[in-house]
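Chemist: no FASTA, just this:
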RNA sequence: GGGCCAUUAGCGCAGGCAGGUAGCGCAGCAGGCUCUUAACCUGAAGGUCGGGGGUUCAAAUCCCCCAUGGCCCGCCA
């Protein structure tokens, strides 16, 4: 047998899905809309989206779902929500809390943040169907699952105990046993105050747990931990919610989920994925999904945690970089490894992407054949638009970074002309419009601003220098200081004067004639190496020995300014 | 208490499951070029693969232990 070495990790999941022998494949993911949803969630969503593409190509009928867990209770709020608002709504399900922003007309807290995320999907090339848990719980399908859970409470408790017990220490074991005595698998939203849980003095969460299930009446009794109301409600009232560990398998069973990726919070030993699978089988008679666990995506050396003020949304990403690049980062990395997404390393991500592109279009080849295969496999999965027949040319990130940073001295129209010329020189099949160009500059600007923020909070000078190199093309000092002038030798100064004369006496100079003139002055008039003269000019303009190609650069600059600067 | 991830050159990372001369990008160094939009070419340099043990003819890779950094799990979600 020819063992196929090194296949993409995605294919291993695909194989497991195919082993299920179904034609209709449902993939799902989930997220509680408790605030701005950060970039990390796209890891699981993109894994599913890639699976969808691979499976659709194999003629499977794939349905991708995203559950917004809008019926989850607000146990705490992020810092950007006002204290007054927090007090008023803590303990309510997010779907029953109004939008926290005054000037926003949207329906609820859950909708606001959920939609903020899902609005970015088209731009990331993600196709899925959004389902809201608060709507799901109004449906009979789900309510039947609640009934089954209430009727089988002992079975559930046994499964939970079996899985959780070995993972906790002695002290917690006692508490666990005690807690299970009164435990029921569902909670009730209070008819009076809309709350589903409260916090005690020690910040422990006390849910409005079902107290008793009246099987003959198909009703439950409960006591609201927040307002003290005691009541009885039908299990078909839509006021009940399953505890998370049962909620999840219930959804799997209803939608026959074949695969769902989950972050490590859920996929640890004895965690909700393990208990979910067993409950799904024994309680709801469905095998459950193929388990895919993934590590967190971190922002540099920080975790993306709302509580620590590190919120980096997909929207924010799109404002500074291309979505294909992000897809590539996710798809190249095995899900069980954490990703440190480093904003300052963006150009490396672009380089990797371009390498992949070149290999896909046969313009480049790596020595190791397996690596070529993997990259060729990955590339189409990163694409958002239709894949072109030949590689489409794009403006290099470094050029954009450069152009962005000279915007303060050179008008956008002139820059655009330069870019058009660049595209002509490099035989671009399609030139971008000025609007598109402005868009690119805006992204680049945002990126540079973000890197500058990182620079501000970096204390280590060595690291600071490393980072600043990545964006710091150059700056034009307003004055040339004497220290710099002292470095320039007499014959170099003479050369600069000759250039100045040339610029003064000739109008409408083009880049190459300036370039050539510098060269001839150096070799013929001064008999020095052109390099020396180039260096002198760079020193006078930029204060350092090198810089952008001089001919085009000088034509960009204001002539009067140049003549003044060269007057030495 | 139970798990997961990371540790490889100055910086960022790949390789590890399937053991066989340690790789990529950037930075740095030296040189070239009518030369570079910091985007080109060439060359050299840089690593006891976190530490220790084991298995093996052979370990960055497999097994065990430890260290450091980070995260997750027990109620709730």
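Modeler: That came in fine, so what should we check first? None of the values given here were measured: they were computed from a predicted structure. Numbers count the residues shown, from 1 in each chain, chains lettered A, B, ... in the order given.

Chemist: Show me what from the stretch 201-350 of chain A comes close to RNA strand B.
Modeler: A:204-205, A:207, A:241, A:243-245, A:247, A:264-266, A:268-272, A:295-296, A:298, A:303, A:305, A:333-334, A:336-338, A:340, A:342, A:345, A:348 (CB under 7 Å from any atom of the strand). Any C-beta I mention is one placed from the backbone N, CA and C, and that applies to glycine too.

Chemist: Got a PyMOL select line for the buried ones in those residues?
Modeler: Buried subset of these, written as a PyMOL selection, criterion 16 or more other CB atoms under 10 Å:
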select buried, chain A and resi 207+241+243+245+247+266+271+272+295+296+298+333+342+345
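
Chemist: just for the stretch 351-500 of chain A, where's the confidence low?
Modeler: Scanning the stretch 351-500 of chain A for pLDDT under 70 picks out A:408-409, A:472-478, A:481, A:483-484.

Chemist: make it 80
Modeler: With pLDDT under 80 as the threshold, the stretch 351-500 of chain A has low-confidence stretches at A:364-370, A:402, A:405-411, A:414, A:418, A:421-422, A:424-427, A:457-466, A:468-489.

Chemist: is it true that residue A:380 touches residue A:387?
Modeler: Yes - counting by CB atoms under 8 Å, residue A:380 does reach residue A:387; the two are 5.7 Å apart.

Chemist: what is in contact with these two at once?
Modeler: The contact sets of residue A:380 and residue A:387 do not overlap (CB atoms under 8 Å, 6 or more residues apart in numbering).

Chemist: Give me the contact list for stretch A:434-444.
Modeler: With CB under 8 Å, 6+ apart as the criterion, stretch A:434-444 contacts A:319-322, A:395, A:397, A:400-401, A:403-404, A:407, A:412-413, A:415-416, A:419, A:432.

Chemist: try 10 Å
Modeler: Residues outside stretch A:434-444 that contact it (CB atoms under 10 Å, 6 or more residues apart in numbering) are A:318-322, A:346, A:394-395, A:397-405, A:407, A:412-413, A:415-417, A:419-420, A:431-433, A:471.

Chemist: Drop anything exposed from those residues.
Modeler: A:318, A:320-322, A:346, A:394-395, A:397, A:399-405, A:415-416, A:419, A:432, A:471.

Chemist: Show me how the record splits chain A into domains.
Modeler: A:186-242, A:397-471, A:482-565 (automatic domain parsing).

Chemist: The second one: end-to-end distance?
Modeler: It refers to domain A:397-471. 10 Å (CA to CA, to the nearest Å).

Chemist: Pull the distance from it to the chain's centre.
Modeler: 21 Å (CA atoms, centre = their mean, to the nearest Å).

Chemist: Helices - which of the contacts of stretch A:434-444 land there?
Modeler: Judged by DSSP state H, these include A:318, A:346, A:397-405, A:412-413, A:415-417, A:419-420, A:471 as members of helices.

Chemist: Just name the most buried of the domains of chain A.
Modeler: domain A:186-242 (a mean of 17; mean count of other CB atoms under 10 Å).

Chemist: Tell me which residue in the stretch 51-200 of chain A sits closest to RNA strand B.
Modeler: residue A:172 (2.9 Å; CB to the nearest atom of the strand).

Chemist: tell me, how many neighbours does that residue end up with?
Modeler: 13 (other CB atoms under 10 Å).

Chemist: Can you classify it by secondary structure?
Modeler: helix (DSSP: H, G, I helix; E, B strand; the rest coil).

Chemist: Just to check, it is in contact with residue A:165?
Modeler: Yes - here residue A:172 reaches residue A:165: they are 9.5 Å apart, a contact under CB atoms under 10 Å.

Chemist: Where does the stretch 451-568 of chain A get nearest to RNA strand B, residue-wise?
Modeler: For the stretch 451-568 of chain A, CB to the nearest atom of the strand, closest residue to RNA strand B: residue A:548, 2.0 Å.

Chemist: Quick check: phi and psi at residue A:186.
Modeler: Residue A:186 adopts backbone torsions of phi -140, psi 160, taken as degrees, to the nearest 10.

Chemist: Could you measure from it over to residue A:146?
Modeler: Taking CB to CB, to the nearest Å as the measure, residue A:186 falls 6 Å from residue A:146.

Chemist: any shared contact partners between those two?
Modeler: Jointly contacting residue A:186 and residue A:146 under the rule CB under 10 Å, 6+ apart are A:210, A:213, A:220, A:235, A:240-242, A:246-247.

Chemist: now the residues you listed in JSON lines, with pLDDT and secondary structure?
Modeler: As requested, these are arranged in JSON lines below (pLDDT from 0 to 100; DSSP: H, G, I helix; E, B strand; the rest coil):
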{"residue": "A:210", "pLDDT": "95", "secondary structure": "strand"}
{"residue": "A:213", "pLDDT": "96", "secondary structure": "strand"}
{"residue": "A:220", "pLDDT": "96", "secondary structure": "strand"}
{"residue": "A:235", "pLDDT": "96", "secondary structure": "coil"}
{"residue": "A:240", "pLDDT": "96", "secondary structure": "strand"}
{"residue": "A:241", "pLDDT": "96", "secondary structure": "strand"}
{"residue": "A:242", "pLDDT": "96", "secondary structure": "strand"}
{"residue": "A:246", "pLDDT": "96", "secondary structure": "helix"}
{"residue": "A:247", "pLDDT": "96", "secondary structure": "helix"}
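
Chemist: any chance of those in TSV, with distance to residue A:39 too?
Modeler: TSV is the format used below for these (distance: CB to CB, whole Å):
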residue	distance to residue A:39
A:210	37
A:213	42
A:220	40
A:235	39
A:240	34
A:241	28
A:242	29
A:246	30
A:247	25
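
Chemist: near RNA strand B, which residues of the stretch 51-200 of chain A?
Modeler: A:69, A:72-73, A:75, A:160, A:164, A:166-169, A:171-173, A:175-176, A:179, A:183, A:187, A:197.

Chemist: pretty sure residue A:141 is touching residue A:284, no?
Modeler: No - at 11.1 Å, residue A:141 does not count as touching residue A:284 under the criterion of CB under 10 Å.

Chemist: could you say which helix or strand contains residue A:298?
Modeler: strand A:297-299 (DSSP states H and E).

Chemist: Direction included, what does that strand pair against?
Modeler: strand A:302-303 (antiparallel), strand A:339-341 (parallel) (DSSP bridges).

Chemist: Select from those strands the stretch with the lowest mean pLDDT.
Modeler: Of all the strands paired with strand A:297-299, mean pLDDT reaches its minimum on strand A:302-303 (a mean of 75).
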